[in-house]
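J.: When you get a sec, could you give me coordinates for this:
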Amino acid sequence: MGKIAVFGGSFDPVHKSHIQIAELALKFFDLKKLIFVVAYAPPHKTRQYASVEDRISMLKLVTCNMQKTSISCYEAQKRESVYSYQTLDHFQSLYSSDEIYMVIGSDSLLNLSTWKNIDYIVTHYKFIVAKRPNIRINGETKYLDRCDFIDKETEDISSEEIRKFIKLNYKRVVPLLDRKVYDYIIQNRLYR
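T.: Next up, the predicted model:
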């Protein structure tokens, strides 16, 4: 039995903090595999800014040399909102002898009670939680017994912030993105 981590998101665009979280999860939790799952239309977001094809392409650019990782289009191919419990069940069916974890940020941990079928999720799955700056978790936080925390705090980067910076001045985003992703955004005129 091994540990498989599912790291879902819009990745709109994928940035250095996403990659840092994946690398830390692989390093600290002896994962057999980490799977990036690109959402087509996450239930909690109103829209995506780049096409799902562009978001997958950018993710491929930054993960092509990452050991023990893969990209899944399970949610993207559905062309509709897919809930986390459905995605986790899908991967549990593929890796039936392994333990399935979901990678989330500590900001998401505080909102878990709003997730569809959260009682089912926490009964069947566990979370790897990345500590985000300025998000405080205490002993009163629900579902702590289902969480393993990455000890190192991750960089405070958001895709929303990056999209705003791109509209204003490309140079401000350079330190936040892998150079290949930055070049892809410029060449394809994304987020303008």
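
J.: following the lengthiest helix in the chain, which helix or strand comes up?
T.: In the chain, assigned by DSSP state H, the helix with the most residues is helix 16-29. Using DSSP states H and E, the helix or strand that directly follows helix 16-29 along the chain is strand 33-38.

J.: Would you state the helices of this protein in chain order?
T.: 16-29, 52-63, 74-78, 84-94, 106-109, 118-124, 159-168, 179-187.

J.: For the longest helix of the chain, name the packing helices and strands.
T.: Helices and strands touching helix 16-29, by 3 or more Cβ pairs under 8 Å, 6 or more residues apart in numbering; DSSP states H and E, are strand 3-9, strand 33-38, helix 52-63, strand 99-105, strand 126-131, strand 147-153. Heads up, the C-betas are built off the backbone N, CA and C, glycines and all.

J.: Return the angle between stretch directions for it and strand 33-38.
T.: 150 degrees (axes from the mean of the first three to the mean of the last three Cα atoms, to 10 degrees).

J.: Report the rounded mean pLDDT for helix 16-29.
T.: Average pLDDT, helix 16-29: 96.

J.: of the helices of the chain, which approaches Gly2 most closely?
T.: Closest to Gly2 of those is helix 16-29 (Cβ to Cβ; 10.6 Å).

J.: Quick one: residues in contact with that closest one.
T.: Under the contact criterion Cβ atoms under 8 Å, 6 or more residues apart in numbering, helix 16-29 has outside partners 3, 5, 7, 9, 11, 31, 34, 36, 62-63, 66-69, 101, 103, 105, 128, 130, 148, 150-152, 154-157, 175-178.

J.: again, but for stretch 54-73
T.: Here stretch 54-73 has contacts from 10-14, 19, 22-23, 26, 31-38, 48, 50, 76, 91, 178, 180-181, 184-185, 188, 190, using Cβ under 8 Å, 6+ apart.

J.: Would you show me how to pick out the buried ones of those residues in PyMOL?
T.: Per 16 or more other Cβ atoms under 10 Å, the buried members of those correspond to this PyMOL selection:
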select buried, resi 10+11+12+13+14+19+22+26+31+33+34+35+36+37+38+48+50+76+91+178+181+184+185+190
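
J.: neighbouring contacts of stretch 131-140?
T.: 105-107, 109-110, 129, 144, 149-156.

J.: Filter the residues you listed down to the buried ones and express that as a PyMOL selection.
T.: A single PyMOL command selects the buried members of the contacts of stretch 131-140 (16+ other Cβ under 10 Å):
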select buried, resi 105+106+107+109+110+129+150+154
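
J.: Okay, Ser70 and Val37: tell me how far apart.
T.: Distance from Ser70 to Val37, counting by Cβ to Cβ, to the nearest Å: 10 Å.

J.: re the thing from before, between strand 3-9 and the longest helix of the chain, find me the angle.
T.: Using the same axes, to 10 degrees: helix 16-29 against strand 3-9 is 170 degrees.
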